[in-house]
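**Student:** no sequence for this one, just the structure:
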């Protein structure tokens, strides 16, 4: 039986399972486990390949501790760049929507930074909506189940200042090449972006102008090789589009702005 003070044994078990950052992960697991039995369960789950965030039950994101439940997409650190770009583009946004919200991490981070804002999150996955609802509750946020804009209250049409859409963008034929943690433990709907990976992005771009407020912005994350096509999709929808890149985080964010009427 592992002990809550036996760091060496936990590190050894994680390292034997192939965890590259065994020391760091052991520290987090030991700090989270409440009993020796819980510790054993958590180590076994991580050794079996479950994402660390699912094992812990939370992920650090943009200075927040976000609840992340099994079967829900894990927020990536690179997506913090999208949050930062949204805040630069629309620092006074009063209505925020987190589309394809997963855990609701992006919406929660935006609401925490903006202060008094009307926050909505939406996803097609019921597990994600349930998780997001818990993460945005303290900000007075509302979580909705449905397919993209169909999930949103009609009253939001033409009022959204920031529309953050962390869409799936892995091409269907490449999903099988993803790390097992993502491939086996995260929902396919949060990963698979269709033939070239841009199917959902194009739908978001096409629908965004009628939902954004004048001067409002929509932001999506994509890969470097998809960035040019993604910018073109935004421009084709009538948005003023640009690409923001963080080499440090390997993040590419396409930003589209609705013109002022």
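**Tutor:** Everything's here; your move. Remember, it's a predicted structure, so these values are computed and weren't measured experimentally.

**Student:** Just give me the neighbour total for residue 171.
**Tutor:** A total of 18 residues lie near residue 171 under the criterion other CB atoms under 10 Å. Every C-beta, even on glycine, is put in place using the N, C-alpha and C of the backbone.

**Student:** which residue packs closest to it, ignoring adjacent ones?
**Tutor:** Leaving aside its chain neighbours, residue 171 sits nearest to residue 197 (4.1 Å; criterion: CB to CB, 6 or more residues apart in numbering).

**Student:** Repeat that for residue 87.
**Tutor:** In space, and not counting its chain neighbours, residue 87 is closest to residue 113: 5.6 Å by CB to CB, 6+ apart.

**Student:** Equivalent analysis for residue 10, please.
**Tutor:** Once flanking residues are discounted, residue 10 sits nearest to residue 26: 4.2 Å by CB to CB, 6+ apart.

**Student:** Pull the contacting residues for that neighbour.
**Tutor:** 7, 10-11, 14 (CB atoms under 8 Å, 6 or more residues apart in numbering).

**Student:** ok, of the residues you listed, which come out buried?
**Tutor:** Buried subset of these (neighbour count, 16 or more other CB atoms under 10 Å): 10-11, 14.

**Student:** Next step: those restricted to helices.
**Tutor:** In this view, the buried ones among the contacts of residue 26 that belong to helices under DSSP state H are 10-11, 14.

**Student:** Dump those residues into TSV; add pLDDT as well.
**Tutor:** As requested, those are exported to TSV (pLDDT from 0 to 100):
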residue	pLDDT
10	92
11	93
14	94
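
**Student:** Going by distance to residue 21, which of the residues you listed wins?
**Tutor:** residue 14 (8.6 Å; CB to CB).

**Student:** show me the residues around the closest one that make contact.
**Tutor:** 22, 25-26, 29, 43, 46-47.

**Student:** ditto for residue 94
**Tutor:** Shown in contact with residue 94 (CB under 8 Å, 6+ apart): 116-118, 161.

**Student:** rerun at 10 Å
**Tutor:** Residues counted as contacts of residue 94 (CB atoms under 10 Å, 6 or more residues apart in numbering) are 114-118, 159-162, 213.
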